[in-house]
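Peer 1: Quick one: sequence and predicted model below, then my questions.
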2 protein chains.
Amino acid sequence: MSETFPSKAAEHARPTMIDVARRAGVGLGTVSRVVNGGHGVRDETAQRVRAAIDELGFQRNEVARALRPGKKSTSLALVLGDLTNPFYASIAKASLEVAGQSGYAVVLGSVDEDPEGEKRAIQELVSRQVAGLMIVPDQGDHAFLEGAGVPVVFVDRPATGIDADIVMVDNEGGGRIAAEHLLAQGHQRIAILLAPSYYTIGRRLRGFRRAHRAAGVDVDESLVVQLPEGTAEAAEKATREVMLRADAPTAIFASTNFLAEGVLRALGVLRSLGELSQEPAVVGFDDFRLADMLPTPVTVVASDIAELGRSAARLLLDRASGTDTRPPQRIVLPCALIERGSGERPPGSAGNRTAG
Amino acid sequence: MSETFPSKAAEHARPTMIDVARRAGVGLGTVSRVVNGGHGVRDETAQRVRAAIDELGFQRNEVARALRPGKKSTSLALVLGDLTNPFYASIAKASLEVAGQSGYAVVLGSVDEDPEGEKRAIQELVSRQVAGLMIVPDQGDHAFLEGAGVPVVFVDRPATGIDADIVMVDNEGGGRIAAEHLLAQGHQRIAILLAPSYYTIGRRLRGFRRAHRAAGVDVDESLVVQLPEGTAEAAEKATREVMLRADAPTAIFASTNFLAEGVLRALGVLRSLGELSQEPAVVGFDDFRLADMLPTPVTVVASDIAELGRSAARLLLDRASGTDTRPPQRIVLPCALIERGSGERPPGSAGNRTAG
DNA sequence: CTCCTGGACGGTAACGTTTCCAACGTTTTA
DNA sequence: TAAAACGTTGGAAACGTTACCGTCCAGGAG
């Protein structure tokens, strides 16, 4: 065993530009020039340097590079909620793709639920010198970002305390479309299930109300149900309660994909128990996988979530590079109705309630 | 306007330890000591330093910190496929949580499909001096990671060319359980749909075969369907074809969540066309949202995917900190059958085929 | 032939932190 | 009382890169 362990040697290795320079018999600056595009270096010299790089397996240390003043790191930060929610997953995937195409990596902050945790996560990310932040903000004040010296793009909803770029969907329009659709079927008593008061939900409710006003139909405030949580379980419970009332609604608008799931679950249970005096129409907000394969395919108001992520990443990259110096932008993507069946049930749809 | 713009000032600001030291009237080393836990600093001095930190809004520059030899950055890299797949999303979420609890951020590499893109993404990540890599590997050779000097944990499947930690589910056991379950119902002709030859799929097939052998039933090789893609569409097409054969199977094992979706889609279409001479039993691999709400709830072989991500992150953190110096580990999580209905259909289930 | 211009290249400072070492003052021990 | 030991502090080197500045040489103009 005259040779050293390759693994050990490799661990100590990690050649630097200095090693490359020595190997190629050139100066440090020349290596740097070659690595960065090679302008102002003779072809022959550049070849020699590149050869040395290959032989040593040199890779530029991005950390050291980012340390230089002015040079921002080539990574973006993404702060969002539960990746298990396909909505967030789509945003992450899309922004990741766009960033990757420009050679940027994406750092995901650990995302707690409370605003305090979000703030901590963001500051963690800022201390890592990311070139920009994409944030799906929580409710807290985000003024602390003002002086961070890093471009910020908010996704899906604006944040309070700071004026920054924002990419979102037309929540109010979506809520309006959903309500208009149900009203057009002749529904007069439409329940709306609201997840905890995020900005988006408020907008969807506003659209819902506007559609009613335009149609000359009063909103029964007892059918505007504010849930304590944005989970399917909470929606299931609320749906059960509202549908068992004597004056049950003839339609339900679920303001979220998870809520729609809960509504369907509740209806399924009630149906099988014969407790459903009539089958309500259902419209959800945001499309979800298998929505078209359920016993009654689910009508939803949908938007291009991936485009949300792509737009945010593109905008942020332009801000980070200094290409884009316009005042804070506000990008709003449209919503469209996807009719699948559940939203087209007329008010009178017979249920199969047995004698109570 | 005697004052400078606060925003502008803030942009130029980003106070350093040197600023803090000057402000507190202490040396640079002292500030560093305070920031890192404050051992060996008099209480009164530490107070003064902390006051200066608060006044200036100082935040440690993690990039500069990671530059020091020995000090690895406090971020882990995660390389995986389509985040839109709930399987990957669960892994990402879980590992993110564990990493976050230890103060680590997670960097997601941009993930192309081809092995070459994966290699590029990994090297990008390595050049960012991450403390460790979690990889859901593609098929290519991963020997190039051997000398990277960074701990690696593979997730879901092993990689060739390198001996490293691996966290995975019991694919063979899962395949076996699925087949056993169907065989126990009396099924003798079971089709299995295979996504492109990943390691995991091969193992599931092996378990499938073993169960058959144990039961004394021959596998009809024409029912072992290798798909060109792992998409629902490919599975839908293959299911249509196999179910229209004269000797159609009485059961189908979909080796992936997306494939299960395709199977159900095809069956739905065939059913509505009256082309289904008999209703096959269906078992999927990996659970998916709404599986229990479909017209026939879907029986699946499932495992704790989140635990996959958590284990991987924990193991990697221990490796990165040097706490864990054992030889490469192999963690295998169990699979269990979730019976929901589709997998419990007996072989004779009448379809509703009309005269062709 | 000389001077000047300009391209190619080498050397060095600087980025912000950690770590080591030396220096200082105070207290304990001989 | 002197020496040693210890805890606290300041200063400087180093991490790997980029940017700037100066030097050198070749070639063109005068």
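Peer 2: Nice, thanks for sending it over. It should be emphasised that the depicted structure is a prediction, and the values quoted were computed from it without experimental measurement. Numbers count the residues shown, from 1 in each chain, chains lettered A, B, ... in the order given.
Peer 1: Would stretch A:219-237 count as contacting chain B?
Peer 2: No. Judged by Cβ under 8 Å from any Cβ of the partner chain, stretch A:219-237 stays clear of chain B, getting no closer than 9.3 Å. For the C-beta atoms, the positions are set from N, CA and C on the backbone; glycine is no exception.
Peer 1: contact partners of that stretch?
Peer 2: Applying Cβ atoms under 8 Å, 6 or more residues apart in numbering or on different chains, the contact partners of stretch A:219-237 are A:189-197, A:205, A:208-209, A:212, A:238, A:242, A:249, A:254, A:256, A:258-263, A:265-266, A:269.
Peer 1: switch to 6 Å and redo it
Peer 2: Contacts to stretch A:219-237, defined as Cβ atoms under 6 Å, 6 or more residues apart in numbering or on different chains, come from residues A:191-196, A:209, A:212, A:238, A:249, A:256, A:258-259, A:261-263, A:265-266.
Peer 1: Can you select the buried ones from these in ChimeraX?
Peer 2: Remark: buried members of the contacts of stretch A:219-237, expressed as a ChimeraX selection using 16 or more other Cβ atoms under 10 Å in any protein chain shown:
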select /A:191,192,193,194,195,209,212,238,249,256,258,259,261,262,263,265,266
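Peer 1: Narrow the contacts of stretch A:219-237 to those in strands?
Peer 2: Counting by DSSP state E, the part of these found in strands is A:191, A:192, A:193, A:194.
Peer 1: Residues in a beta bridge with the closest residue to the second one other than its chain neighbours, which ones?
Peer 2: Closest residue in space to residue A:192, ignoring its immediate chain neighbours: residue A:253 at 4.6 Å, by Cβ to Cβ, 6 or more residues apart in numbering or on different chains. Beta bridges link residue A:253 to residue A:192, residue A:283 when assigned by DSSP bridges.
Peer 1: For burial, what's the neighbour tally of residue A:253?
Peer 2: Neighbourhood size, residue A:253 [other Cβ atoms under 10 Å in any protein chain shown]: 30.
Peer 1: residue contacts, it?
Peer 2: Residue A:253 neighbours (Cβ under 6 Å, 6+ apart): A:178, A:192, A:283.
Peer 1: any idea which of those is closest to DNA strand D?
Peer 2: residue A:178 (52.0 Å; Cβ to the nearest atom of the strand).
Peer 1: In the strand or helix carrying that closest one, which residues are buried?
Peer 2: According to DSSP states H and E, residue A:178 maps onto helix A:171-184. By neighbour count, and taking 16+ other Cβ under 10 Å as the criterion, the buried residues in helix A:171-184 are A:171-183.
Peer 1: possible to save the contacts of residue A:253 as JSON lines with pLDDT?
Peer 2: Putting these into JSON lines (pLDDT from 0 to 100) gives the following:
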{"residue": "A:178", "pLDDT": "98"}
{"residue": "A:192", "pLDDT": "98"}
{"residue": "A:283", "pLDDT": "98"}
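Peer 1: Now tabulate those in JSON lines and tack on distance to residue B:130.
Peer 2: Formatted as JSON lines, those follow (distance: Cβ to Cβ, whole Å):
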{"residue": "A:178", "distance to residue B:130": "44"}
{"residue": "A:192", "distance to residue B:130": "45"}
{"residue": "A:283", "distance to residue B:130": "45"}
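Peer 1: Quickly name whichever of these is closest to residue A:295.
Peer 2: residue A:283 (16.3 Å; Cβ to Cβ).
Peer 1: Number of residues surrounding that closest one?
Peer 2: Neighbour tally, residue A:283, other Cβ under 10 Å: 30.
Peer 1: I am assuming it contacts residue A:343, so please confirm or correct that.
Peer 2: Yes. Counting by Cβ atoms under 6 Å, residue A:283 does reach residue A:343; the two are 4.2 Å apart.
Peer 1: where do the contact lists of the two overlap?
Peer 2: Contact criterion Cβ under 6 Å, 6+ apart; residues shared by residue A:283 and residue A:343: residue A:299.
Peer 1: Which residue ranges of chain A form strands?
Peer 2: Secondary structure of chain A (DSSP E): strands at A:75-79, A:105-108, A:132-135, A:152-155, A:165-169, A:190-194, A:224-226, A:251-254, A:281-285, A:299-302, A:330-333, A:336-338.
Peer 1: of all those strands, which lies closest to residue A:319?
Peer 2: strand A:132-135 (6.1 Å).
Peer 1: what lines up beside the closest one in the sheet?
Peer 2: Strand A:132-135 has these strand partners (DSSP bridges): strand A:75-79 (parallel), strand A:152-155 (parallel).
Peer 1: These: which one's closest to residue A:317?
Peer 2: Of all the strands paired with strand A:132-135, strand A:75-79 comes closest under Cβ to Cβ, at 7.5 Å.
Peer 1: in stretch A:327-336, what's buried?
Peer 2: Quick answer for stretch A:327-336 (16+ other Cβ under 10 Å): A:331, A:335.
Peer 1: To clarify, my last question referred to stretch A:79-96.
Peer 2: Of the residues in stretch A:79-96, A:79-81, A:83-96 count as buried by neighbour count, 16+ other Cβ under 10 Å.
Peer 1: neighbours around residue A:246, how many?
Peer 2: 5.
Peer 1: In contact with it, which residues are there?
Peer 2: So residue A:246 contacts nothing (Cβ under 6 Å, 6+ apart).
Peer 1: Could you measure from it over to DNA strand C?
Peer 2: Residue A:246 sits 66 Å away from DNA strand C, going by Cβ to the nearest atom of the strand, to the nearest Å.
Peer 1: Dihedrals phi and psi, that residue?
Peer 2: Backbone geometry at residue A:246, expressed as degrees, to the nearest 10, gives phi -60, psi -40.
Peer 1: Contact residues of chain A facing DNA strand C?
Peer 2: Counting by Cβ under 7 Å from any atom of the strand, chain A comes close to DNA strand C at A:25-30, A:40-42, A:44-46, A:67-69.
Peer 1: ok, which residues in the stretch 101-250 of chain A are in contact with DNA strand D?
Peer 2: Residues of the stretch 101-250 of chain A lying near DNA strand D (Cβ under 7 Å from any atom of the strand): none found.
Peer 1: Show me the helices in the stretch 101-250 of chain A, by range?
Peer 2: Ranges of helices in the stretch 101-250 of chain A, per DSSP state H, counting those that start in this stretch, are A:115-127, A:171-184, A:199-215, A:232-243.
Peer 1: Pipe these into JSON lines and attach distance to residue A:58 per row.
Peer 2: JSON lines is the format used below for the helices of the stretch 101-250 of chain A (distance: least, Cβ to Cβ, whole Å):
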{"stretch": "helix A:115-127", "distance to residue A:58": "28"}
{"stretch": "helix A:171-184", "distance to residue A:58": "50"}
{"stretch": "helix A:199-215", "distance to residue A:58": "48"}
{"stretch": "helix A:232-243", "distance to residue A:58": "52"}
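Peer 1: Identify whichever of these lies nearest to residue B:137.
Peer 2: Residue B:137 sits nearest to helix A:115-127 of all the helices of the stretch 101-250 of chain A, at 27.4 Å, using Cβ to Cβ.
Peer 1: Tabulate the strands paired with strand A:132-135 (TSV), appending mean pLDDT.
Peer 2: Below are the strands paired with strand A:132-135 laid out as TSV (pLDDT from 0 to 100):
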stretch	mean pLDDT
strand A:75-79	95
strand A:152-155	97
